[in-house]
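One predicted model, sequence on top.
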Amino acid sequence: MRPTTRFLLLCTCIFTLQFIYPAAASAAPTAEMMANTCAMCHGTDGKAVGKMEELYGKPANKIADELFEFKQENKGRVMAPLMKAYTDEQIRMIAKYFESLPLKKR
Amino acid sequence: MTAAGAVVSLGSFGRTFAQSPQDKRVVVIGGGFAGATCAKYLRRADSAIQVTLIERQRNYVTPPSSNLVVTGLQPLSAITLGYDKLRLNHGVKVVYGNAVSIDPAGKKVAPGIDFKYAALEGYSEQAAIVMPHAWKAGPQTELLRRQLEQMPNGGTVIITVPPAPFRCPPGPYERASLIAHYLKRNKPKSKVLILDASDSFAAQEGFMEAWQALYPGMIEWVPGSKGGGVTKVDAKSLTVSTRAGQHRGNVVNVIPPQKAGDFADKVGLSDETGWCPVDAGSFESTRQKDIHVIGDSSIAGKLPKSAAAANSEAKVCAFAIASLLAKRPVGDPSFVNACYALASPTYGLSIAGVYGRTAGGIAPLPGALGVSPLKESAKYRAKEAQDANDWYQNIVADSFT
């Protein structure tokens, strides 16, 4: 095996590990997986029906701040125990997911 | 409270030639909260997947909110849905009929609950015309309402609760509460007697506090250890037998022992418990390859048999199937259960938690399981009653439209 070839193979390995390993061995659900659980109360994609709080079209910071308040100050009725399940990073992921949804006509 | 869906993808067909998008086919059997949600979220996950939903009936009556119909607070039409929006909004093909078998090479999911009539002496489909179960919503719901309307003031309503697990753990106690609410206004000398196979129940302290405040002396709960477990019923005399004695009711609501839908037995998905064991990440049956089981009929660890859990399981399952069809690894699941029960129309109680996959199966994450606090204000209870209503509207929209 020529040195160049070996070098290339090594590069491939590093590349593959970085990109494949986190997905294959993920120990945590994706943002979309977590955000979809919100839909039973807040509507598909956060487009709520009736008086329920809407998440669709809101900036991530605003959503995250409210969720942190539920978690830290034990507020929001069912939202208090629910938010205790998530790390602060996961709460930010959920908030960013809703912000990232394309704004379309309803 | 929900019926499960069944997801069958037609084939190793889809596996072998998965490069060709038209080969991605999934059949969902059962159009309750689980099946309907799964069909919709499969289409959202990958629009190349062709999804067919097979359902016996054109209209679905939701078990959630059916206690409002039992007690005359809502008409049956308010909780009756169709499947047109799954077709129009998401391109789900809907077929009305009975599934009779599953191609073993296919992939699919299963069928809600059925009753273990043989496990309760004297109870049967015929007996249910006299002593309604009203645990599958529809004509039975209205039958129980008519019986309450016809009952004399001073009568006794008996509710029998089967051994766990059963559909909608707080359901029997919400029913007792709303029946007491109706009786207090219309037949105030009457009583509700709950004969329970178990010694504890969902949101027990919250319900007990509410009963004390709202209906003092009207609701009596007999736990299993005090002879609450029902051994026999007699439709002719409207009597219920327990180890401790006999009780006669003017209205007898028998919530029967439960198991996975008969279809699950027929196709070999259920085990000796009567329910269907599944993988916690994909909901693939551990007994039948390529068949996924979600909703009340599945054994989903610590998740209850609720519409909320069914909605959540359906999304996890839809993602898993989309990944499998695309030959991608199945990601980690995340579930939410959020159940509301009404102690009165303006007094709500909640049970909520985030669940994940743990070494021991699906379980609530640490600190993330909550029930309504005790000693809260009337305003707080009214807010949770409003939450219950908002929850209902949104979960119906998320699952069926």
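Sure, I can see it.

three-state assignment of the residue of the stretch 51-200 of chain B with the smallest separation from chain A?
Nearest residue of the stretch 51-200 of chain B to chain A, counting by C-beta to the nearest C-beta: B:Asn89, 9.7 Å away. For glycine as for every other residue, the C-beta is placed from the backbone atoms N, C-alpha and C. Under DSSP: H, G, I helix; E, B strand; the rest coil, B:Asn89 falls in the helix class.

Pretty sure it sits against B:Thr401.
Yes. Assessed by C-beta atoms under 8 Å, B:Asn89 is found in contact with B:Thr401 at 6.3 Å.

ok, these two, which is more surrounded?
Comparing B:Asn89 with B:Thr401 by other C-beta atoms under 10 Å in any protein chain shown, the one with more neighbours is B:Thr401, at 18 against 13.

And for that one, nearest residue in space, chain neighbours not counted?
Of all residues not flanking B:Thr401 in the chain, B:Lys85 sits nearest, at 4.1 Å (C-beta to C-beta, 6 or more residues apart in numbering or on different chains).

What about that neighbour, how many residues nearby?
15.

Then B:Tyr173?
B:Tyr173: 29 neighbours (other C-beta under 10 Å).

thought it was touching B:Ile351?
No. At 11.4 Å, B:Tyr173 and B:Ile351 do not qualify as touching, with contact defined as C-beta under 8 Å.

Quick check: neighbours shared by these two?
B:202-203, B:341 (C-beta atoms under 8 Å, 6 or more residues apart in numbering or on different chains).

Now render the residues you listed as a markdown table, adding pLDDT and distance to B:Ala280.
Shown next, in a markdown table, are the shared contacts of B:Tyr173 and B:Ile351 (pLDDT from 0 to 100; distance: C-beta to C-beta, whole Å):
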| residue | pLDDT | distance to B:Ala280 |
| --- | --- | --- |
| B:Ala202 | 96 | 22 |
| B:Ala203 | 97 | 25 |
| B:Ala341 | 98 | 27 |
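
Show me these that map onto strands.
B:Ala341 (DSSP state E).

Counting neighbours, which of the shared contacts of B:Tyr173 and B:Ile351 comes out on top?
That'd be B:Ala341 among the shared contacts of B:Tyr173 and B:Ile351, by other C-beta under 10 Å, with 30 neighbours.

so how far is A:Met33 from it?
Per C-beta to C-beta, to the nearest Å, B:Ala341 is found 28 Å from A:Met33.

so who does the residue nearest to B:Ser177 when sequence neighbours are not counted touch?
Once flanking residues are discounted, B:Ser177 sits nearest to B:Ala343: 4.5 Å by C-beta to C-beta, 6+ apart. By C-beta under 8 Å, 6+ apart, B:Ala343 lies in contact with B:174, B:177, B:206-207, B:210-211, B:214, B:349, B:381.

Same question for B:Trp211.
B:177, B:180, B:218-219, B:343.

Run through chain B and note the low-pLDDT ranges.
Residue ranges of chain B with pLDDT under 70: B:1-22, B:103-110.

Strands along the stretch 151-300 of chain B, start to end?
B:156-161, B:191-196, B:219-222, B:230-234, B:239-242, B:245-248, B:251-254, B:258-260, B:276-277, B:291-293, B:298-299 (DSSP state E, counting those that start in this stretch).

Residues contacting the fourth one, please?
Residues external to strand B:230-234 that are found in contact with it (C-beta under 8 Å, 6+ apart): B:120-123, B:127, B:131, B:160, B:162, B:195, B:197, B:239-243, B:252, B:254.

Quickly find the element holding the residue nearest to B:Ser177.
Per DSSP states H and E: B:Ala343 is located in strand B:335-344.

which of the residues in the next helix or strand after that strand are buried?
The C-terminal neighbour of strand B:335-344 among helices and strands, as given by DSSP H and E, is strand B:347-358. Neighbour-count burial for strand B:347-358, counted by 16 or more other C-beta atoms under 10 Å in any protein chain shown, picks out B:347-357.

Equivalent analysis for stretch B:53-60, please.
B:53-55, B:60.

who's in contact with it?
B:3, B:5-6, B:27-32, B:35-36, B:39, B:80-83, B:86, B:92-99, B:400.

Pull up the distance across it, start to finish.
Across stretch B:53-60, the terminal residues are separated by 13 Å (C-alpha to C-alpha, to the nearest Å).

What's opposite the closest residue to B:Gly122 other than its chain neighbours in the beta bridge?
Distances taken as C-beta to C-beta, 6+ apart put B:Val233 closest to B:Gly122, at 4.3 Å, once the chain neighbours are dropped. For B:Val233, the beta-bridge partners are B:Val240 (DSSP bridges).

What's the local residue count around B:Val233?
24.

Could I get the contacting residues of the residue in chain A positioned nearest to chain B?
Nearest residue of chain A to chain B: A:Pro81, at 2.8 Å (C-beta to the nearest C-beta). Applying C-beta under 8 Å, 6+ apart to A:Pro81 gives the contacts B:352-353, B:367-370.

quick one, strands of chain A?
Shown for chain A, no strands are assigned by DSSP E.

Would you map the helices across it?
Under the criterion DSSP state H, chain A contains helices at A:3-24, A:31-36, A:39-42, A:60-73, A:79-83, A:88-100.

Equivalent analysis for chain B, please.
B:12-16, B:33-45, B:66-70, B:84-90, B:139-150, B:171-186, B:204-214, B:262-266, B:307-325, B:378-400.

With distance to A:Gln90 added, can I get these in a markdown table?
What follows is the helices of chain B, written out as a markdown table (distance: least, C-beta to C-beta, whole Å):
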| stretch | distance to A:Gln90 |
| --- | --- |
| helix B:12-16 | 33 |
| helix B:33-45 | 21 |
| helix B:66-70 | 35 |
| helix B:84-90 | 28 |
| helix B:139-150 | 40 |
| helix B:171-186 | 32 |
| helix B:204-214 | 29 |
| helix B:262-266 | 35 |
| helix B:307-325 | 16 |
| helix B:378-400 | 21 |
